[in-house]
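# Have a look; sequence and predicted model below, questions after that.
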Amino acid sequence: MATEYDINKLAALFAGARRITCLSGAGMSTESGIPDYRSSKGLYNTLTSEQVFDIARFRRQPELFYSVIGPLYLSILKAQPNAGHVALAQLADRFGKELVIATQNIDGLHQKAGSRVVHEVHGTMDTLSCQDCGSQALAKSFLNELGKGEVLRHRCGGVFKPDITFFGEQLPAAAFSASLDAMADADLVLVLGTSLQVHPAASLPDARRDGCPLLIVNRTPTAMDDKADMVFHDSIGELLPQVLAQMDHGAQPGSQRGQRSDYHSALFNNNPTHLQRKNDL
Ligand code: OAD
């Protein structure tokens, strides 16, 4: 758990950064009531397996996808942002950070919280495309059918596929390339709520510049903990608001304290005992 000392360090780090790029995953939205995929209570350990998002399987058997995911889809469409989404949006709105979010999430909650630059690298569940004629429709026009787990179809008879990236499909090229650029431009990279097991999204933080600090907040260890400058195995919705509250008190941009030196000492001072790196755990 992050200590007060850690929160102070994080507040100074955030305050000193101008361009912050974040890669978020399903753990970002669990505090909004949406299950993640690989935790013990996640989708793949309870309801289903990765197969449900396999494109070849969807084409053969769309009823499998809709019967399992339809009712969940409905609850995701109704979900509201949590304190973590709101804190991120506030980094831009209240603290003037150039915040770019590359998200693997398809739930639209970053945008609902007010974040403006969000690249959806696994697409979105808000829209659907007909597999036969290519027509698009809004998922919210099919709430009844989704609730009942029915296969959604266009009036031409073709099956609607949600505009999310299934295994075996290409990622949306523009979103992925903008995310890579944002990683390369960042002076602080945050990885929030992802196990980093699905590529190429999981490799995005590798595009950061040499020397750009990497902070991971994830309840359980990730594939990149050993490359990070700081790792907190905490809840995003608890940790981020504390950091912002501390920025309000002591480490606001423009405060009398030297921003840049706060930033660097936060990372590179000689006493990093409270930073939870994988090797320290
Ligand atoms: P995972 O389920 O693999 O990882 C989510 C991580 O979030 C887990 O390691 C949890 O420990 C952590 N977590 C959960 N709640 C948290 C919280 N409140 N605070 C901090 N950490 C928390 O989900 P992703 O990494 O997002 O793709 O999965 C990547 C992709 O795999 C998804 O986009 C999806 C899936 O298959 C497709 O369907 C194409």
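It's in.
# Report the mean confidence score over the helix or strand encompassing Ala92.
For Ala92, the element it lies in under DSSP states H and E is helix 83-93. The average pLDDT for helix 83-93 rounds to 98.
# tilt between the next helix or strand after it and helix 83-93?
For helix 83-93, the succeeding helix or strand toward the C-terminus, using DSSP H and E, is strand 98-103. Put simply, strand 98-103 runs at 150 degrees to helix 83-93, going by axes from the mean of the first three to the mean of the last three CA atoms, to 10 degrees.
# Tell me how far strand 98-103 lies from the chain's centre.
Relative to the centre of its chain, strand 98-103 is centred 9 Å away, using CA atoms, centre = their mean, to the nearest Å.
# hmm, who's touching that strand?
With CB atoms under 8 Å, 6 or more residues apart in numbering as the contact definition, strand 98-103 has outside contacts at 18-25, 28, 88-89, 91-92, 110, 115, 117-122, 175, 178-179, 182-183, 185-186, 201, 204. Placement of C-beta: from N, CA and C, glycine included.
# In the stretch 101-250 of the chain, where is pLDDT below threshold?
Within the stretch 101-250 of the chain, no stretch has pLDDT under 70.
# Pull up the residues of it that are close to the ligand.
Taking CB under 6 Å from any ligand atom as the contact definition, the stretch 101-250 of the chain meets the ligand at 104, 122, 165, 167, 193-195, 197-198, 217-220, 235-237.
# can you list the domain ranges for the chain.
Domain assignment for the chain by automatic domain parsing gives 4-33+81-122+171-280, 56-77+126-164.
# CSV please, covering the ones you listed and showing mean neighbour count.
What follows is the domains of the chain, written out as CSV (neighbours: other CB atoms under 10 Å):
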stretch, mean neighbour count
domain 4-33+81-122+171-280, 19
domain 56-77+126-164, 16
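# quick one: which of those domains is nearest Asn45?
The closest of the domains of the chain to Asn45 is domain 4-33+81-122+171-280. By CB to CB, the value is 12.2 Å.
# wait, what's in contact with the residue lying closest to Leu188 once chain neighbours are set aside?
Once flanking residues are discounted, Leu188 sits nearest to Ala17: 3.7 Å by CB to CB, 6 or more residues apart in numbering. Each residue near Ala17 by CB under 8 Å, 6+ apart is listed here: Lys97, Ala186, Asp187, Leu188, Tyr263.
# Closest one to the ligand out of those residues, please.
Leu188 (18.0 Å; CB to the nearest ligand atom).
# if I read this right, that closest one contacts Leu13, doesn't it?
Yes. Counting by CB atoms under 8 Å, Leu188 touches Leu13, with 6.6 Å between them.
# quick one: common contacting residues for these two?
Pro213, Leu215.
# Show me what the lengthiest strand in the chain is packed up against.
Counting residues, the longest strand found in the chain (DSSP state E) is strand 123-130. Identification of packing neighbours for strand 123-130 by 3 or more CB pairs under 8 Å, 6 or more residues apart in numbering; DSSP states H and E yields helix 62-78, strand 136-138, strand 160-164.
# All set now, cheers.
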